[in-house]
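J.: how would this look folded up:
(chains A and B)
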2 protein chains.
Amino acid sequence: MANPPENLDWLWRGTSEIFPNQPESDNPQENLTQLLAKIDRPLRVKLGIDPTGTEIHLGHSIPFRKLRAFQDAGHTAVVIIGDFTAQIGDPTGKSEVRKQLTAEQVRENAHDYLKQLRPILDFDTPGRLEIRYNSEWLGKLDLSDIIKLLSTMTVGQMLAKEGFAERYEKETPIYLHEFLYPLMQGYDSVAIDADVELGGTDQKFNIAVGRDLQRYFGKKPQFGLLLPIILGTDGVQKMSKSLNNYVGLREDALSMYSKLEKIPDAVIKDYFELLTNLSLQELPSNPRECQKLLATEIVSQYHSVEAAAEAQKAAIALVQGGGTTSTDAVPEYSLSGIEFPAKLFYILSATRLCSSSGEGRRQIQGGAVRLDGERISEVDLTFDSPQQLQGKVLQVGKKKFVRLV
Amino acid sequence: MANPPENLDWLWRGTSEIFPNQPESDNPQENLTQLLAKIDRPLRVKLGIDPTGTEIHLGHSIPFRKLRAFQDAGHTAVVIIGDFTAQIGDPTGKSEVRKQLTAEQVRENAHDYLKQLRPILDFDTPGRLEIRYNSEWLGKLDLSDIIKLLSTMTVGQMLAKEGFAERYEKETPIYLHEFLYPLMQGYDSVAIDADVELGGTDQKFNIAVGRDLQRYFGKKPQFGLLLPIILGTDGVQKMSKSLNNYVGLREDALSMYSKLEKIPDAVIKDYFELLTNLSLQELPSNPRECQKLLATEIVSQYHSVEAAAEAQKAAIALVQGGGTTSTDAVPEYSLSGIEFPAKLFYILSATRLCSSSGEGRRQIQGGAVRLDGERISEVDLTFDSPQQLQGKVLQVGKKKFVRLV
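T.: Below you'll find the model as predicted:
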């Protein structure tokens, strides 16, 4: 293949674990390096998407970046859209999160998800990307197929799985259908003849189930390649939307930049390793320069080099309270929808910088609101006409901005 | 219906439990007596058959006898043939017993099973018997249906089931597909709209699962009617083929009679209650007479009153070693297939009174073999011509006979 074995930095960069991994073995079933060296066709590299949510953040992007590395080495990315389960939802009706989606909603979500992946994956080179919906094969299984799938595992094995073990211990109900999900994910590997499956370190069990099922169905078992779960912008907890310590892939350049230029030193090396292709040996020695480089590099990936430069300028101006900036990186909000005279806290809500007028008042009281860099402390500040605001940047905290136009 | 509530002796005779059972309630969903009194259509009374084995014994006959009582009260017996799972077998390949059967084998077994039920069930009155193969509905289930079925129960509930609990405790592997079987049996109740399901006391869990599933699918939950597991002819262990303490429904009249006339006093009342319709108040006071009555009554059910009388006569003659009898109840074996001169132990094997010539020798040595009531002790006894044997009864122990012809 395209990559001789001595040149596999792309494979190991940021990788937590590859399994099986017998470094001494020259059996390509036990050693992915050997497989990459010996095989005369592109490997099929699987990564699954859950189309119930659509907002992807940098944490989600990590396995997709590895998938891109496989594409660049000449292999085929097989993105599985888990439409089958999304259309079932949570049959117990107990989960708010796993609502039942229509086929239409699933397609829309998948489309939206894939759109966010455009900056990461190679969508264009022929043979490098396959997008598959798993209802294609899961929808065809009948009871006798499913009995066979279930018969490949014991209750003890399933209850040993992280998550299930704790719930069983704590007597939190585990519904029987939950045992099917790892088997369904595993069966996806059978159906698409995966050579490698990528996932977070929390996916080891499910990927290993895929290996077992491939063997059961007389196929060669896939390799698992596990990638770390990244910490959020707080440097403390796992990146997640609910903790609001995330950077979303479709945030505007300035918002993305502002979050990334403050990444704590303790995690910045992980961010470089997992979220950029920059050489880790050549990073600036000054921590502040490091943060700026990280922010510029990542914004460049999702927007453009120019947008990143603009965002950097705007961020400097805003954080320093340096008045109106001429940058395009600040999102705009049209004042035409607001009736004047208007209270500032109402405008904070209308622009969605705050979730409600109440929160707007609290943010003003808390000293978090600035207009063109100047702190506002008058809770009931009122503007009589849009002209008083036009062209100014309204800011809440250090990360949320709009330009009023 | 046909039976006013005051006349439900047939329902309670030999019944271990009916559930739910709120005797004070006049809600026909909680009180089967009320349902029987109020409903204006025949109830659908379900009983399942596993078509992997075909030799039915008196222990198996008990729920079928109750099913007949429902038929006689005007209700519909719905016999479910579990062909679906029989055709899958044990997908782990670990069970010798649950071999995979072809559709053809299942049909043959079912046919054979039903033939043995002819003396018990009413096959003829229109509307009293429905025979259904569960592949009819189970074969149509897809993965989303099965996810829904599984979602109705938790791992904890399933592991609380007798059998599973012990195996989990002892760390004997429980394969995941085993959890599906109670749900499949339960779904049978949904599919056929069962009002009542009959089963042994070991079926309580499965019948309760059926109730849950019927509720889940918006149907009225069935009643469970549980019947005792009968002890074998040894009066000690559960009747079973492997313990050889059973009476098979297609044993010849003499064999059946001989086993039943020795039923231990401790269990004879159960046998009368569960295997006959005789009034328990009017049984003979003499225990020996009781045994004879039981044997005659049951042989009459499966053969005829005349055959029972003949068997009684033959049994007396044989046990007393009273020489040739003229009865027809002794099965015949044609000597024409045997080459003479012939060793007696070979004849014992050829007639299948013994499983092999070796066993034949041992039985002669052990003193168990009689010819026309006379004990044979010469291990190598040889007969030169069929004329020496013609018309004589060859006997091993007290229960196995053939007439050589």
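J.: buried ones in stretch A:308-321?
T.: A:308, A:309, A:310, A:311, A:312, A:313, A:314, A:315, A:317, A:318 (16 or more other CB atoms under 10 Å in any protein chain shown). C-betas here are computed from N, CA, C, even on glycine.
J.: before we move on, what about stretch A:334-343?
T.: Quick answer for stretch A:334-343 (16+ other CB under 10 Å): A:335, A:338, A:342, A:343.
J.: off-centre distance for that stretch?
T.: 36 Å (CA atoms, centre = their mean, to the nearest Å).
J.: for stretch A:378-396, same thing?
T.: With CA atoms, centre = their mean, you get 35 Å for stretch A:378-396.
J.: give the buried residues for it.
T.: A:383, A:386, A:389, A:392, A:393, A:394, A:395, A:396.
J.: ditto for stretch A:286-302
T.: Those would be A:290-302, for stretch A:286-302 by 16+ other CB under 10 Å.
J.: touching it from outside, list them.
T.: Applying CB atoms under 8 Å, 6 or more residues apart in numbering or on different chains, the external contacts of stretch A:286-302 come out as A:58, A:119-120, A:247, A:249-250, A:253, A:256-263, A:265, A:268, A:271-272, A:275-276, A:278, A:283-284, A:307-309, A:311-312.
J.: so for it, mean pLDDT?
T.: Averaged across stretch A:286-302, the pLDDT comes to 95.
J.: in CSV, list the C-alpha atoms belonging to that stretch.
T.: Provided in CSV are the C-alpha atoms of stretch A:286-302 (Å, rounded to 0.1, in the frame of the first residue of the first chain):
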residue,chain,number,x,y,z
ASN,A,286,5.9,30.6,25.3
PRO,A,287,2.6,29.2,26.6
ARG,A,288,0.6,32.2,25.4
GLU,A,289,2.0,31.7,21.9
CYS,A,290,1.1,28.1,22.1
GLN,A,291,-2.5,28.9,22.9
LYS,A,292,-2.7,31.3,20.0
LEU,A,293,-1.1,28.8,17.6
LEU,A,294,-3.6,26.2,18.7
ALA,A,295,-6.6,28.5,18.3
THR,A,296,-5.4,29.8,14.9
GLU,A,297,-4.7,26.3,13.6
ILE,A,298,-8.0,24.8,14.6
VAL,A,299,-10.0,27.9,13.4
SER,A,300,-8.2,27.5,10.1
GLN,A,301,-9.3,24.0,9.8
TYR,A,302,-13.0,24.7,10.2
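J.: got the residues of the stretch 101-250 of chain A near chain B?
T.: Contact residues, the stretch 101-250 of chain A versus chain B (CB under 8 Å from any CB of the partner chain): A:138-139, A:141-144, A:146-148, A:150-156, A:158-159, A:168, A:171, A:173-177, A:179-180, A:183-184.
J.: in helices, which of the residues you listed fall?
T.: A:138, A:143-144, A:146-148, A:150-151, A:155-156, A:158-159, A:168, A:180, A:183-184 (DSSP state H).
J.: what's the most distant pair in the residues you listed?
T.: The largest separation in those, counting by CB to CB, is between A:144 and A:168 at 28.5 Å.
J.: who's more crowded, these two?
T.: residue A:168 (20 against 16; other CB atoms under 10 Å in any protein chain shown).
J.: wait, doesn't the more buried one sit right on residue B:154?
T.: No. Look at residue A:168 against residue B:154 with CB atoms under 8 Å: they stay out of range, at 9.8 Å.
J.: just give the number of residues close to the residue of the stretch 301-405 of chain A found nearest chain B.
T.: Closest contact between the stretch 301-405 of chain A and chain B, by CB to the nearest CB, is at residue A:355 (35.0 Å). Around residue A:355 there are 10 other residues, counting by other CB under 10 Å.
J.: can you give me the strands for the stretch 251-400 of chain A?
T.: A:332-333, A:342-343, A:369-371, A:374-375, A:382-383, A:393-396, A:400-404 (DSSP state E, counting those that start in this stretch).
J.: confirm that residue A:79 sits in a helix.
T.: No. Under DSSP: H, G, I helix; E, B strand; the rest coil, residue A:79 sits outside any helix and is assigned strand.
J.: just the element for the closest residue to it other than its chain neighbours, please.
T.: Spatial nearest neighbour of residue A:79, excluding adjacent residues (CB to CB, 6 or more residues apart in numbering or on different chains): residue A:131 at 5.0 Å. Here residue A:131, judged by DSSP states H and E, is contained in strand A:129-133.
J.: buried residues in that strand?
T.: For strand A:129-133, by 16+ other CB under 10 Å, it's A:129, A:132, A:133.
J.: which one of those is nearest residue A:361?
T.: For the buried residues of strand A:129-133, the nearest to residue A:361 is residue A:133 (47.3 Å; CB to CB).
J.: and that closest one, how close does it get to residue A:109?
T.: 12 Å (CB to CB, to the nearest Å).
J.: repeat that for residue A:93.
T.: Counting by CB to CB - residue A:93 and residue A:109 are separated by 21 Å.
J.: looking at those two, which one has more neighbours?
T.: Neighbour count, other CB under 10 Å: between residue A:93 and residue A:109, residue A:109 has more, with 20 against 11.
J.: so the more buried one touches residue A:55, yeah?
T.: No. Judged on CB under 8 Å, residue A:109 makes no contact with residue A:55 at a distance of 10.3 Å.
J.: quick check: residue A:31 touching residue A:19?
T.: No. With contact defined as CB under 8 Å, residue A:31 does not reach residue A:19; the gap is 10.8 Å.
J.: these two: who's more crowded?
T.: Neighbours per residue, other CB under 10 Å: of residue A:31 and residue A:19, the larger number sits with residue A:31, 21 against 15.
J.: and that one, its phi and psi?
T.: Dihedral angles of residue A:31 (phi, psi; degrees, to the nearest 10) stand at phi -150, psi 110.
J.: secondary structure element holding the spatially most central residue of chain A?
T.: Nearest to the geometric centre of chain A sits residue A:60, at 2.1 Å (CA atoms, centre = their mean). Residue A:60 belongs to helix A:58-72 when assigned by DSSP H and E.
J.: you'd agree residue A:190 is in a helix?
T.: Yes. With three-state DSSP as the criterion, residue A:190 is located in a helix.
J.: show me what contacts it?
T.: A:210, A:213, A:214, A:217, A:219.
J.: what's the pLDDT at it?
T.: For residue A:190, the pLDDT comes out at 98.
J.: what does residue A:254 give?
T.: pLDDT, residue A:254: 92.
J.: could I get the buried residue list for stretch A:86-104?
T.: Those would be A:86, A:87, A:88, A:89, A:90, A:91, A:98, A:101, for stretch A:86-104 by 16+ other CB under 10 Å.
J.: narrow the contacts of residue A:190 to those in helices?
T.: Filtering these for helices - DSSP H - leaves A:210, A:213, A:214.
J.: closest one of these to chain B?
T.: For the ones in helices among the contacts of residue A:190, the residue nearest chain B by CB to the nearest CB is residue A:213; the value is 12.5 Å.
J.: quick check: chain neighbours aside, which residue is closest to the closest one?
T.: residue A:186 (4.3 Å).
J.: residues contacting the one you found?
T.: Residue A:186 neighbours (CB under 8 Å, 6+ apart): A:206, A:209, A:210, A:211, A:212, A:213, A:214.
J.: show me what contacts residue A:131?
T.: So residue A:131 contacts A:79, A:81, A:114 (CB under 8 Å, 6+ apart).
J.: number of nearby residues for residue A:368?
T.: For residue A:368, using other CB under 10 Å, the count is 18.
J.: what confidence value was assigned to it?
T.: As predicted, residue A:368 sits at a pLDDT of 89.
J.: how about residue A:97?
T.: So, for residue A:97, pLDDT stands at 60.
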